Structure formats: C-alpha cells, structure tokens
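S.K.: One predicted model, sequence on top.
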Amino acid sequence: MTLKYAILVSGSPYSSQAHMSAQRFIYACYQQGHTVNSVFFYGDGVYVANQLLSPANDEFQTQREWQQLANNFKVPLHACVTVANKRGILSAEDSELLGQNFHNLAKSFEISGLGSWVTAAATADRQIHFS
Amino acid sequence: MKKQLLIFTKPPYGSDSGKESLDMALAFATFDQPTSLLFLDAGVFQLLENQHPKLTGQKEYTRLFSGLDLYDIDSIYVAKADLDKYNIAAEGLIADPEMLDPEAIKLLIDGHERVTCL
C-alpha cells in the first residue's frame, strides 16, 4: 500500500534536527513508493525560507536541500504567512503590501495561509510533524 | 474527515506554541475538520482566568479559548491529574473543559486519527 504524507516542520533550521530529519524521511518515503503532498513550515521552521541564510561552506545546506527535494519530487514548500512575515521573511507581494523595500523569500518556497496546511493534512493518509 | 487533536503541554506566553496551536485549531475548524483540544502537564496553565500578559509585553490570546464554540470546537479536555499537581481549581478555568483521568486520555488520543503537539 502506498501512502500520501503531509509534512509539518516547526523546528528551527540550524538549532534543531527537524529539517534534516524531515528531509531524510521524505527521501525514504519516495524510495518506498510513498508520496508527500506538501511540506508546511510553521513556527521557527519558516526561517529556512530566508534566501539570505548563509551557512559556512562545510555546514549542511538545509535550504538548498529543500530546494533540490522540491525540484526532484515536485513537492510544494509552504511557509506560514503570519509566522513568516513576523520573522522577517517576505515574498515580493508581501513586501509590497507591507510597504517594505526588500523581499527575501528563497526560490522554491511559497508563502501560504494555514488553510494550505489544513488542505494538505485533510487530503493526506498520514501527517507527520518534525519539531 | 480526519479527526484532529491538538495537545497543549506548555504554559502560555513563555513560548509561542500555545498561540500557534490555537491558530492551527481555528484553521482546522474553519475548514470544517472536527477538532479537539487537550491540555496536559503545564499546558493546563493555558486555561487560567485573569492572566495579564500585557504586563510582560505580550498580546493576550488565552481569552480566545472561551469562545471556541463559535468555531464549532466543542471538545476541550484537561488532565485532572495535572490540575491537581499544580493545585489549580477546575472552577477557575476558561472554556469549561472536560476533566479526564489517564485512562480517558489514552482513549481520547486513540480515538483521533491525527494528533499534533507543537
């Protein structure tokens, strides 16, 4: 039986294991024939969508790994709009709406409402949370 | 429809997890997903009346727990043993939660297809 998973990531990208574990879980899903309908970043998890993240070269490139994963498996990456904007992560549209001069949402990420998580969770066979 | 259970285990205002759990619960309920809340361990402090978070620079959200029936969230549960542990009287709680013993908590969690604890 193949299953469809919805993934919630709320841990911070560089002070928790959440992102690395979620990425390994998703690779394992696809290796076993399962699919992931959506990854939703919530809480400090949204920090990974800041395109200015600049880890040292010898550190794990968490954001790039998400982008490759999104590209390989066509999995949408959603960052929650309220928690992202509050933490200074803005899409071009949000930036304009909020009267800011800059935007910094990384490629392959989308800013979405909690409704996108609800839809993903409701249409998945399983929902898994990485904190 | 997947029955969603959100579990609160942390006190309010010391972290964002209570507010974020509440927002998620409201989102599920807005999209007509059956949603229940369970307050465990220090999460029982979320339900105290007369909190004054403004004094610490925080915006009050715990009052919203008392109006959840407007969002069709009628199932609010609290661990009786944890209220006792913190010497909190059931009468003083907002949202009129149902008291559960450990066995009932186990059955509640078993009865939900989806369980989230932020």
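M.R.: All right, it came through fine. Residues are numbered from 1 along each chain as shown, chains lettered A, B, ... in the order given.

S.K.: show me where chain B has helices.
M.R.: B:17-30, B:80-85, B:102-110 (DSSP state H).

S.K.: Show me the one of the ones you listed that comes nearest A:Phe109.
M.R.: For A:Phe109, the closest of these is helix B:17-30, at 18.9 Å, according to CB to CB. Just so you know, the C-beta spots here come from the backbone N, C-alpha and C atoms, and that holds for glycine as well.

S.K.: buried sites along the closest one?
M.R.: B:17-29 (16 or more other CB atoms under 10 Å in any protein chain shown).

S.K.: Run through the neighbouring helices and strands of that helix.
M.R.: Packing partners of helix B:17-30 (3 or more CB pairs under 8 Å, 6 or more residues apart in numbering or on different chains; DSSP states H and E): helix A:114-123, strand B:4-8, strand B:35-39.

S.K.: What would stretch A:17-28 look like as PDB? C-alpha coordinates only.
M.R.: Provided in PDB are the C-alpha atoms of stretch A:17-28 (Å, rounded to 0.1, in the frame of the first residue of the first chain):
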ATOM      1  CA  GLN A  17      17.300  18.400  13.900                       C
ATOM      2  CA  ALA A  18      13.800  18.900  12.500                       C
ATOM      3  CA  HIS A  19      14.700  19.800   8.900                       C
ATOM      4  CA  MET A  20      17.400  17.200   8.400                       C
ATOM      5  CA  SER A  21      15.100  14.500   9.800                       C
ATOM      6  CA  ALA A  22      12.100  15.700   7.600                       C
ATOM      7  CA  GLN A  23      14.300  15.600   4.500                       C
ATOM      8  CA  ARG A  24      15.600  12.100   5.200                       C
ATOM      9  CA  PHE A  25      12.000  11.000   5.900                       C
ATOM     10  CA  ILE A  26      10.800  12.400   2.600                       C
ATOM     11  CA  TYR A  27      13.600  10.600   0.700                       C
ATOM     12  CA  ALA A  28      12.700   7.400   2.400                       C
END
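
S.K.: Name the residues of that stretch that come out as buried.
M.R.: A:Ala18, A:His19, A:Ala22, A:Gln23, A:Ile26.

S.K.: okay if I get those as JSON lines plus pLDDT and distance to chain B?
M.R.: Converted to JSON lines, the buried residues of stretch A:17-28 look like this (pLDDT from 0 to 100; distance: CB to the nearest CB, whole Å):
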{"residue": "A:Ala18", "pLDDT": "98", "distance to chain B": "12"}
{"residue": "A:His19", "pLDDT": "98", "distance to chain B": "16"}
{"residue": "A:Ala22", "pLDDT": "98", "distance to chain B": "15"}
{"residue": "A:Gln23", "pLDDT": "98", "distance to chain B": "20"}
{"residue": "A:Ile26", "pLDDT": "98", "distance to chain B": "18"}
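
S.K.: Tell me which of those residues fall in helices.
M.R.: Counting by DSSP H, the buried residues of stretch A:17-28 contribute A:Ala18, A:His19, A:Ala22, A:Gln23, A:Ile26 to helices.

S.K.: Verify the stated contact: the fourth one with A:Trp66.
M.R.: Yes - contact between A:Gln23 and A:Trp66 holds when scored by CB atoms under 8 Å: they sit 7.0 Å apart.

S.K.: nearest residue to residue 112 other than its sequence neighbours?
M.R.: Assuming you mean chain A. The shortest distance from A:Ser112 to any non-neighbouring residue, by CB to CB, 6 or more residues apart in numbering or on different chains, is to A:His78 (4.0 Å).

S.K.: To clarify, I was referring to chain B.
M.R.: Once flanking residues are discounted, B:His112 sits nearest to B:Leu5: 3.8 Å by CB to CB, 6+ apart.

S.K.: residue in chain B nearest to chain A?
M.R.: B:Ala27 (3.6 Å; CB to the nearest CB).
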